[in-house]
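Undergrad: Fold the following, please.
(2 chains)
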Amino acid sequence: MNKREFELQKLIVTEQTRTALIERIGKIVCEMISWGGRGTLAYLAYLSVEALAGKETFAQILVDVGLGEKFAMSTLVVTATASLLYARYERHLRKTTVERLHKRIRALEERLDPTRESSELTPRGDTNPRDII
Amino acid sequence: MNTDPAMFYLLVGLLSLLAFWILNFTVFARYRVEATRQRLFQVRDDLFDYAADGNISFSHPAYIQLRRVINAQIRFCDRMSLPVLVMLFATAKRRLPLTQRLQETWKEAQSDISADVAKQLDSFRGKAHLVLFTHVLRSPLAWIPVLALVLLLLAVAAFAALTGRKPRDTQRKVQERKESTLLAVDAAALAARAA
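TA: The predicted structure is shown next:
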């Protein structure tokens, strides 16, 4: 390590406290929004259960401003679509990872075993198009 | 007992909204981190292949430095969020000695390699920054401020077009801050790694 690199490391170590503080504040803000949203929605759901039981609650106001059938249908559609998109993205991520790792595993194994045979699946792990009946 | 169907619909709507909220802030958040790490792995793999092809030695300071930064980003990208990025942007001036030194060390490490190789290494570095920036933008927290920023930029552009004034100085300042923030992101990852 030369002098410049040593000085850089020193500055990085000095920066640690500020960075840690910024990261902690960021984490608290994110958690507050995440849990705040959950708490609010769960509380409103609880109020609507109470209203269904016959009690007068704030939930009646939400119904009065029009959060009824259309609101339920649209949130259901949005949640279902988001779930499907999530599954689609996860699958894409898995296949991209398989493809990325496949190249390296193949290259490394071929060094030890030049006659190595392949399963003939595609690099992304799908059935070979020639094998589809 | 309240038999109003609207109340039942409200309950269903609120519960599905709760499910959507949890999906966004928990499930999708974990996916974002995993996807970002895979993209950074890809950049690191490309860097490794570039060195393995003989373009730069594995023991070259520029290679080691860049790999160290990418590794730190892979390890700590879960900490990178919009509030953190905003705070890094806001406190960029205070971090000036470190970011300047980081930039100097990077340029110094690149001093004995050809311009093409230096350009390629800068490109890997830029890709890693872009991956991290996209990671922050994909957060549900970022959607509202990003929309607000787009509207603000459109308003500024419209104002500039109407008055015939070019906000050059603002552009330069934003550019300086942007570069400084990107270096601060590297510095933050390195500082967390050194902890």
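
Undergrad: drop to CA atoms for contacts and neighbour counts, all remaining ones
TA: OK.

Undergrad: B:Ala92 and B:Glu179 touch, don't they?
TA: No - if you go by CA atoms under 8 Å, B:Ala92 and B:Glu179 don't touch, sitting 9.5 Å apart.

Undergrad: who has more neighbours, these two?
TA: Here B:Ala92 and B:Glu179 are compared on neighbour count by other CA atoms under 10 Å in any protein chain shown; more neighbours surround B:Ala92, at 21 against 14.

Undergrad: what's the pLDDT at that one?
TA: Looking at B:Ala92, its pLDDT is 81.

Undergrad: cool, B:Ala157 as well?
TA: So B:Ala157 comes in at 73 (pLDDT).

Undergrad: Find out how far the helix or strand that contains it is from the centre of the chain, if you would.
TA: For B:Ala157, the element it lies in under DSSP states H and E is helix B:140-163. Distance of helix B:140-163 from the chain centroid (CA atoms, centre = their mean, to the nearest Å) equals 20 Å.

Undergrad: Determine the set of other helices and strands touching it.
TA: helix B:115-137 (3 or more CA pairs under 8 Å, 6 or more residues apart in numbering or on different chains; DSSP states H and E).

Undergrad: Low-confidence stretches in the chain?
TA: As the question left the chain open, I've gone with chain A. Residue ranges of chain A with pLDDT under 70: A:1.

Undergrad: Correction: the question concerned chain B.
TA: Scanning chain B for pLDDT under 70 picks out B:1-3, B:164-175, B:193-195.

Undergrad: can you give me the helices in chain A?
TA: Using DSSP state H, the helices of chain A run over A:3-52, A:59-64, A:69-112.

Undergrad: Backbone dihedrals for A:Leu121, please?
TA: phi -80, psi 170 (degrees, to the nearest 10).

Undergrad: Distance of it relative to chain B?
TA: Distance, A:Leu121 to chain B, using CA to the nearest CA, to the nearest Å: 22 Å.

Undergrad: ok, so what distance separates that residue from A:Thr57?
TA: Distance of A:Leu121 to A:Thr57, given as CA to CA, to the nearest Å: 60 Å.

Undergrad: anything in stretch A:25-37 near chain B?
TA: Yes - using CA under 8 Å from any CA of the partner chain, stretch A:25-37 comes into contact with chain B via A:25-27, A:29-30, A:34, A:37.

Undergrad: could you list every residue that touches the residue in chain B positioned nearest to chain A?
TA: Across chain B, the shortest distance to chain A (CA to the nearest CA) belongs to B:Gly13, at 3.7 Å. Contacts for B:Gly13 were tallied using CA atoms under 8 Å, 6 or more residues apart in numbering or on different chains; they are A:68, A:71-76.

Undergrad: coming back round to it: can you flag the buried ones in the residues of stretch A:25-37 next to chain B?
TA: A:26-27, A:30, A:34, A:37 (16 or more other CA atoms under 10 Å in any protein chain shown).

Undergrad: which one of those sits closest to A:Leu112?
TA: Closest to A:Leu112 out of those is A:Lys27 (46.7 Å), distances taken as CA to CA.

Undergrad: and the closest one, what does it touch?
TA: B:79, B:81.

Undergrad: What of A:Leu21?
TA: Going by CA under 8 Å, 6+ apart, A:Leu21 touches no other residue.

Undergrad: So between A:Leu121 and A:Thr57, which is more surrounded?
TA: Shown here are A:Leu121 and A:Thr57; by other CA under 10 Å, A:Thr57 has more neighbours (16 against 13).

Undergrad: From what I see, the more buried one and A:Glu50 are in contact.
TA: Yes - using CA under 8 Å, A:Thr57 is in contact with A:Glu50, at 7.2 Å.

Undergrad: related to what we said a few turns ago, and the helices of chain A: which comes nearest B:Leu98?
TA: helix A:3-52 (5.8 Å).

Undergrad: Neighbours of B:Lys134, how many?
TA: One correction, residue B:134 is Thr, not Lys. By the criterion of other CA under 10 Å, B:Thr134 has 13 neighbours.

Undergrad: Ok, B:Asn71 next?
TA: Neighbours around B:Asn71, by other CA under 10 Å: 19.
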